[in-house]
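Visitor: quick one, what's the 3D model for this:
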Amino acid sequence: MLNKAIVLVFLAGFLILSMSCRKDFDYSSSQGDLTFSKDTVYLDTIFSNIGSSTYSLTVYNRSKEDVIIPSIRLEKGNKSNYRLNVDGSAGKSFTNVPLFARDSLYIYIEITIDIENNSENSLLYTDVIQFDSGSNQQNIPLVTLVKDATFLYPGTNTDGTKETITLSTDANGNEIKVQGFVLDDDHLNFLNDKPYVIYGYAVVPEGKVLVINAGVRVHFHQNSGILIQDGGVISINGVLSEDEELLNGEVIFEGDRLEPQFSDIPGQWGSLWIAKGSQGNTINHLTLRNANIGLFVEGDDVLDSPTLYIKNSQFYNSATYNLFANGASIAAENVVIGSAGISSLHCQLGGNYTFVHSTIANYWNKGFRNTSTIVISNYNLLNPNEASDLIKADFKNCIIDGINDFELSLLTDNQNAFEFNFMNCFLKFSSTEGQLTNPLFDFESSNNYSNLILNGQTDFFNPYLDDFRIGLDSDVVNAGDSNVASTLPLDILGKERSSNADLGAYQAASKE
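Guide: Okay, here's the model as predicted:
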């Protein structure tokens, strides 16, 4: 019995030992027959010194045997600007990586590169991930386009903190400070030779003018923007683009992430902020997208001359508002104000506004929205005791549309002036008995409404992708006032308006 027990213990120990070693014995070296999810990894375009997104490559072992990959490495080794993470381990070179039969492993890839110190002196940076070596070696190229740019950012204080500026004050009068800096005279004329990347808020101070020339691209880091202070001015001088896809003449404001997956992510940067006391600002052929508040304009209680002139410009995909005016004076022509998380256009605390041949439409599909496309009030919605006269809110030959039932909100304190007029406009407004009893929405009143198209078909090309061109089947075709149209003989794309002009910023076109 004793001998039998010894034999059983010996056999059990041998079995345990065999099982513990089996993993090592069962692996064989890969024979160059790995397969991959991509034959080349393109990391899209990045700016110099700004890290990329994380990209992935999947490696497959489609054989029936567990294998060991002797080496996975970057061809340029430690000098490579790429970074790898192989199955949870970070580095640039890995050895003896196991891969089970009919299994896969993930490789994650990132890059940061300083274009000025790039010894290859090329905007196209490449490397290769090498699997194994010799006759079994397999290669996956890595390709990244690196853009040079002019970087503008806050300085560093003596205590190591970043320079700050006062952006505004809170309800208690306390200063709200953010990272920012005052633009010096050398940076008050943006040229189109290379893009600009702004960190923090770039400030245009009193007595200075920021001139942005045609074709300029301005990219903002998170929580960054431009602040035009009291007495400062911005002049954005885009022109009609020869190429509608490249927008070569347009000035473009957007975030600093160039990868395609960031092309329609709202809230990537702060705002273009025109502060109280700034007058005579001009914007022509600007496309602004993916901000928190796209354009924030404060008035100065003197509304005889516009705070801001806007022409031929487009505002899209802001997390809250595309255009927020606070007691301001704005004159806008051929403007498209598209989808936003709260309202496309918000005018509060009175003001003086004129919108001509403008398309204001909110097809927000990134979350729930219960506010109207346009909100106009003569008081501060957060502090109703703060109110001022709405001298004028005129909309001529415009489109006001969206996916909600009521895309216009008019709010008055019944004490201060509240003057508004919609002339030859399309309005999305599915009336109810409660709305009809509100005198502000008496659409039969010639004092406030004339030649109104209430509801109907706008026939936008693709409003969910911010394409607010109109098709030939739209109810707004030939619905414009000819006298108004004669003051704007060209639409936002430079197309001639006939005597029977269409409503909105675009003349109708075939979708073919």
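Visitor: does residue 206 count as helix, strand or coil?
Guide: When classified by DSSP: H, G, I helix; E, B strand; the rest coil, residue 206 comes out as coil.
Visitor: tally of neighbours for it?
Guide: 11 (other Cβ atoms under 10 Å). C-beta coordinates here come from the backbone N, C-alpha and C atoms, glycine included.
Visitor: can you check residue 163 too?
Guide: For residue 163, the count of nearby residues is 14 (other Cβ under 10 Å).
Visitor: and for residue 496?
Guide: Neighbour tally, residue 496, other Cβ under 10 Å: 9.
Visitor: distance of it from residue 489?
Guide: The gap separating residue 496 from residue 489 is 6 Å, by Cβ to Cβ, to the nearest Å.
Visitor: same thing with residue 84?
Guide: Separation of residue 84 from residue 489 (Cβ to Cβ): 58 Å.
Visitor: the more surrounded of the two?
Guide: Neighbour count, other Cβ under 10 Å: between residue 84 and residue 489, residue 84 has more, with 21 against 10.
Visitor: settle this for me: that one is touching residue 97, isn't it.
Guide: No. The criterion here is Cβ atoms under 8 Å, and residue 84 misses it with residue 97 at 11.3 Å.
Visitor: residues shared between the contacts of those two?
Guide: Common contacts of residue 84 and residue 97 (Cβ atoms under 8 Å, 6 or more residues apart in numbering): residue 72.
Visitor: low-confidence ranges in the stretch 101-250 of the chain?
Guide: For the stretch 101-250 of the chain, applying pLDDT under 70 flags the ranges 116-123.
Visitor: the chain too?
Guide: 1-26, 116-123, 301-304, 431-436.
Visitor: what about the helices in it?
Guide: Secondary structure of the chain by DSSP state H: the helices cover 2-26, 433-436, 482-486.
Visitor: and residue 465, how close does it get to residue 506?
Guide: Counting by Cβ to Cβ, the gap from residue 465 to residue 506 is 15 Å.
Visitor: residue 213 too?
Guide: 26 Å.
Visitor: do the same with residue 440
Guide: 29 Å.
Visitor: these two: who's more crowded?
Guide: Legend: neighbour count by other Cβ under 10 Å for residue 440 and residue 506, higher for residue 506 (24 against 15).
Visitor: the more buried one contacts residue 467, correct?
Guide: No. Judged on Cβ under 8 Å, residue 506 makes no contact with residue 467 at a distance of 9.8 Å.
Visitor: contact partners for the residue most central in space within the chain?
Guide: Here the mean C-alpha position of the chain is nearest to the C-alpha of residue 290 (Cα atoms, centre = their mean), at a distance of 2.1 Å. Counting by Cβ under 8 Å, 6+ apart, residue 290 makes contact with 254, 255, 262, 264, 265, 266, 267, 268, 269, 316, 317, 318.
Visitor: residue 475 now?
Guide: Counting by Cβ under 8 Å, 6+ apart, residue 475 touches 426, 453, 456, 457, 458, 459.
Visitor: specify the beta-bridge partners of residue 331.
Guide: residue 309, residue 354 (DSSP bridges).
Visitor: how many residues are close by it?
Guide: 17.
Visitor: do I have it right that it meets residue 297?
Guide: No. Contact criterion Cβ under 8 Å: residue 331 and residue 297 do not qualify, at 11.6 Å.
Visitor: which residues are common contacts for these two?
Guide: residue 308.
Visitor: going along the chain, name the strands of the stretch 51-200 of the chain.
Guide: Ranges of strands within the stretch 51-200 of the chain are 55-61, 67-74, 82-86, 89-91, 93-99, 103-111, 124-131, 138-147, 150-152, 164-169, 175-182, 189-190, 196-198, based on DSSP state E, counting those that start in this stretch.
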